[in-house]
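Asks: have a look; sequence and predicted model below, questions after that.
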Amino acid sequence: MKLFPRLTYPLALLVLAVQACDASPKAAKSTNISTSVLVADSSKKTESAMLTGAEQTEKYLPLLKGKRVGMVVNPTSVIGQMTSVDSLIKVGVNIVKIFGPEHGFRGDASAGITVNDAIDEKTGIKAISLYGKHNTPSTEDLADIDIMVFDIQDVGVRFYTYINTLQHVMQACAENKKELLILDRPNPNGFYVDGPVLDPRLVSGIGLKPIPIVHGLTVGEYAQMLNGEGWLNNKLKCNINIIEVANYSHDMPYELPVKPSPNLNTQQSILLYPTLCLFEGTYLSQGRGTQFPFSVLGAPALKGKYKFSFTPKSIKGMAETPLHQDQACYGLDLRNYDISNIRKDKTLNIKWLIELYKAYPNKADFFNMKLSKQMGSIDKLAGVYTLKEQIIAGKSEKEIRASWEPGLSRYKEIRKKYLLYP
């Protein structure tokens with residue numbers, strides 16, 4: 001499966017203009033934003049072209065003029081082929097702080113690894129980690145900020161931590177009366193909603209609110225849900241302003257131009273992730289420690305059960321100590337799995353979990369967290385205690401799916417209130 005292509009947006013002239021702009025240190029401190037540089041000529045855009053919120057600079061640059069700006073960003077935060085931070089600095093936006101989620105602002109930290117505060121080497125701006133000593137911006141962090149900007153590509157799955165970062169940022173902005181500007185982006189898994197709704201007893205760092213595994217919302221829509229359902233602490237409301245994706249619908253296929261995190265490095269892995277990440281609650285490898293994570297499944301104990309094998313290795317920035325490191329793992333090769341099936345069925349594939357549990361020789365080890373030492377227990381990943389029990393009891397896919405109701409249907413009705421896109 002090919003890696004993500006280089007960007008070829010209708011904003012090519014915008015990118016060239018930004019790159020040609022004065023990049024002197026004074027530009028970062030200027031409050032005189034050169035909007036003519038970043039605003040793309042509207043005649044160059046086709047009426048039907050999909051544009052992310054970040055690309056529609058003409059809609060939000062005036063909102064940043066003369067303000068001290070904080071940006072919650074990572075490598076997916078791009079305008080054309082440049083990061084939004086680098087692009088906006090070049091035209092005089094006064095970015096005073098950068099806030100980075102899991103994997104860090106520049107995206108060079110492995111999953112689950114604590115990220116420390118630092119000074120960004122390229123820009124000289126202080127980069128505050130929201131995946132280190134604290135996950136919520138402090139009053140001190142926000143003291144010299146007039147407006148926060150959230151621009152991160154999500155993949156539409158409850159246990160993918162960027163929506164948790166959004167919630168923490170919204171909470172801090174609400175408490176400190178700061179406006180939050182959200183530059184919305186498409187959800188590559190936004191074409192369906194599926195999975196059990198989170199049991200409040202299983203709230204954790206990989207699940208904070210009662211939503212299903214595949215929630216079917218963009219970041220902007222989820223922000224509206226957090227406000228509308230009163231899910232911020234003390235039922236506070238965050239003052240949000242959303243720059244919507246232009247010409248987008250949830251059923252529209254969207255291939256991400258930048259990998260959203262180190263181990264989601266192909267479109268195949270992104271669409272398989274909602275199902276395959278459940279295996280992080282098992283003693284099976286999902287391919288961490290290979291160049292094709294979340295596209296394979298296997299374990300040494302399955303030798304003789306499956307012919308296909310792979311061997312996880314230590315890979316800096318992706319998986320330094322992967323499960324089953326330097327051991328041949330036998331199982332399923334899903335690199336060529338027809339992902340159009342996911343768009344057709346619009347469901348998680350529970351069959352693989354059922355199949356591999358049945359094939360595993362020592363059933364007591366399959367869900368053993370002391371052995372696996374992975375990202376989370378199967379209960380926290382699934383969001384319910386019942387999935388593990390159902391797999392062990394030999395329940396069918398139909399029986400398991402039926403148990404997700406009526407919670408899943410109730411969620412779908414709630415979701416309708418917050419949709420920005422058809």
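Replies: Everything's here; your move.
Asks: please count neighbours and contacts with C-alpha atoms only from this point.
Replies: Will do.
Asks: what's the distance between Leu130 and Asn74?
Replies: Distance, Leu130 to Asn74, by C-alpha to C-alpha, to the nearest Å: 11 Å.
Asks: quickly list what's touching both of these two.
Replies: Listed as contacting both Leu130 and Asn74 by C-alpha atoms under 8 Å, 6 or more residues apart in numbering are Gly100, Pro101.
Asks: start to end distance for stretch 150-168?
Replies: 11 Å.
Asks: tell me the confidence at the residue of the chain most remote from its centre?
Replies: In the chain, the residue that sits farthest from the middle, by C-alpha atoms, centre = their mean, is Gly304; the gap is 36.3 Å. Residue-level confidence at Gly304 comes out at 97, pLDDT.
Asks: ditto for Ala49
Replies: We have a pLDDT of 92 for Ala49.
Asks: what residues go with each domain of this protein?
Replies: 26-243, 267-408 (automatic domain parsing).
Asks: of those, which shows the lowest average pLDDT?
Replies: domain 26-243 (a mean of 88).
Asks: after whatever helix or strand Ile342 lives in, which helix or strand is next? Please name it.
Replies: Taking DSSP states H and E as the criterion, Ile342 maps to helix 340-345. Next helix or strand after helix 340-345 toward the C-terminus (DSSP H and E): helix 350-359.
Asks: picking up where we left off before, please identify the deepest-packed of the domains of the chain.
Replies: Of all those, domain 26-243 has the most neighbours on average by mean count of other C-alpha atoms under 10 Å, namely a mean of 20.
Asks: what's the offset of it from the middle of its chain?
Replies: 11 Å (C-alpha atoms, centre = their mean, to the nearest Å).
Asks: middle-most residue in this structure, spatially?
Replies: For the chain, the residue nearest the mean C-alpha position is Asp154 (3.1 Å; C-alpha atoms, centre = their mean).
Asks: how about that one, what does it touch?
Replies: Per C-alpha under 8 Å, 6+ apart, neighbours of Asp154: Tyr160, Tyr162, Ile163, Arg185, Asn187, Thr218, Val219, Pro260.
Asks: now those residues in CSV, with distance to Ile206 and secondary structure?
Replies: CSV is the format used below for the contacts of Asp154 (distance: C-alpha to C-alpha, whole Å; DSSP: H, G, I helix; E, B strand; the rest coil):
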residue, distance to Ile206, secondary structure
Tyr160, 7, coil
Tyr162, 10, helix
Ile163, 10, helix
Arg185, 21, coil
Asn187, 18, coil
Thr218, 18, coil
Val219, 16, helix
Pro260, 16, coil
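Asks: in those, find the pair that's most separated.
Replies: For the contacts of Asp154, with distances taken as C-alpha to C-alpha, the pair at the greatest spread is Tyr160 and Arg185 (15.4 Å).
Asks: before we move on, back to that, which one among the contacts of Asp154 gets closest to Arg410?
Replies: Comparing the contacts of Asp154 against Arg410 with C-alpha to C-alpha places Thr218 closest, at 18.8 Å.
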